[in-house]
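> Provided below for reference: sequence and predicted model.
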Amino acid sequence: MAKKLAIIASKGTLDGAYPPFLLASTAAALGFEAKIFFTFYGLQLLKKDLSLKVSPLGNPAMPMPVPVPSLIQVIPGMEAFATWMMKRKLKSKGVASVEELRSICLESEVELIACQMTVDLFDFKHEDFIDGISSGGAATFLEFASDADITLYI
Amino acid sequence: MSAFDVEVDTSGLNCPLPVLKARKALADMSAGQKLHLIVTDKGANKDIPAFCKMTGNQLVENYEQAGKLHFILEKGA
């Protein structure tokens, strides 16, 4: 029987988008049955138009070309700059885009589940999300996770 | 170098794309056919054997040449 991977994706930033899609697509390639449950800010990863960002603010570990004090990081445009820098870096290092990894997940039948409670909480509409996803609640995730070989909260 | 049926060059691509591209190529091949996978992602030295182990494909040969990693994978039954 296929091994199972269950992931909760709770982050909606550009850097936070990588681990769930990357691990689930690779797991599918290794023959796993994989499901990702998107909750809270993780729901952003299911939007048709991904406008994911990364911020150096409150993230002292983010490598910057020159040290940028927190007070400067609040200046409008800094987040856009950091995002542009990160995307350029990802591309130059041959790292797949989030969109690409998400498509591979869908093609390889990774089940993408939107947490219905947080969809309602944020007044998101199902038409905001990509096709091919499902929705469910805590029990949906736990039922699959109870039987999973690997369970991750990201 | 062993003979092969299909060649996939993932030069310049990073983890996990070499594994994903290997899987895609193997899906269209039949058992016993060989895939020549070219990789520049250094993590592949661990990742490709792990991929083979998990998927029942056999790593027939691997070597480094001109800074690139070469793997010959035989598709399992």
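Everything's here; your move.
> pLDDT at the residue of chain B most remote from its centre, what is it?
The outermost residue of chain B relative to its centre, with distances by C-alpha atoms, centre = their mean, is B:A66 at 17.1 Å. pLDDT recorded at B:A66 is 94.
> got it, and B:M1?
72.
> Assess the claim that it and B:F71 are in contact.
No: contact criterion C-beta atoms under 8 Å: B:M1 and B:F71 do not qualify, at 10.9 Å. Quick note: C-beta positions are derived from backbone N, CA and C, even for glycine.
> What strand or helix carries B:S2?
Taking DSSP states H and E as the definition, one finds B:S2 inside no helix or strand.
> give me every residue that touches the residue sitting nearest the centre point of chain A.
Using C-alpha atoms, centre = their mean, the residue of chain A that lies closest to the mean C-alpha position is A:A17, 2.8 Å off. If a contact means C-beta atoms under 8 Å, 6 or more residues apart in numbering or on different chains, then A:A17 has A:A9, A:K11, A:L45, A:L50, A:L52, A:V98 as its contacts.
> where does chain A have its least confident helix or strand?
Least confident helix or strand of chain A, by mean pLDDT, DSSP states H and E, is helix A:70-73 with a mean of 88.
> now the residue nearest to the centre of chain A: how far from B:D28?
A:A17 is 29 Å from B:D28, where distance means C-beta to C-beta, to the nearest Å.
> mind listing the strands in chain A by residue range?
A:4-9, A:33-38, A:111-115, A:134-136, A:150-153 (DSSP state E).
> How about residue 36: what's its closest non-neighbour residue?
If you meant another chain, say so; for now it's chain A. Among residues not flanking A:I36 along the chain, A:I7 sits closest, at 4.6 Å (C-beta to C-beta, 6 or more residues apart in numbering or on different chains).
> try chain B instead
B:F4 (3.9 Å).
> One more: A:L45?
A:A17 (5.2 Å).
> now swap in A:V74 and tell me
In space, A:V74 is closest to A:L57, 6.6 Å off (C-beta to C-beta, 6+ apart).
> sorry, back to before: who's the residue nearest to A:I36 bridged to?
A:I36, A:L152 (DSSP bridges).
> For it, give me its contacts.
A:P20, A:L23, A:A24, A:A34, A:K35, A:I36, A:F37, A:T151, A:L152, A:Y153, A:I154.
> ok, now with 6 Å
Residues near A:I7 by C-beta atoms under 6 Å, 6 or more residues apart in numbering or on different chains: A:P20, A:I36, A:L152.
> cool, and A:H126?
With C-beta under 6 Å, 6+ apart as the criterion, no residue contacts A:H126.
> quick revisit: distance from the chain centre to the least confident helix or strand of chain A, please.
26 Å (C-alpha atoms, centre = their mean, to the nearest Å).
> what's that helix in contact with?
Residues outside helix A:70-73 that contact it (C-beta under 6 Å, 6+ apart): A:P56, A:L57.
> Cheers, nothing more for now.
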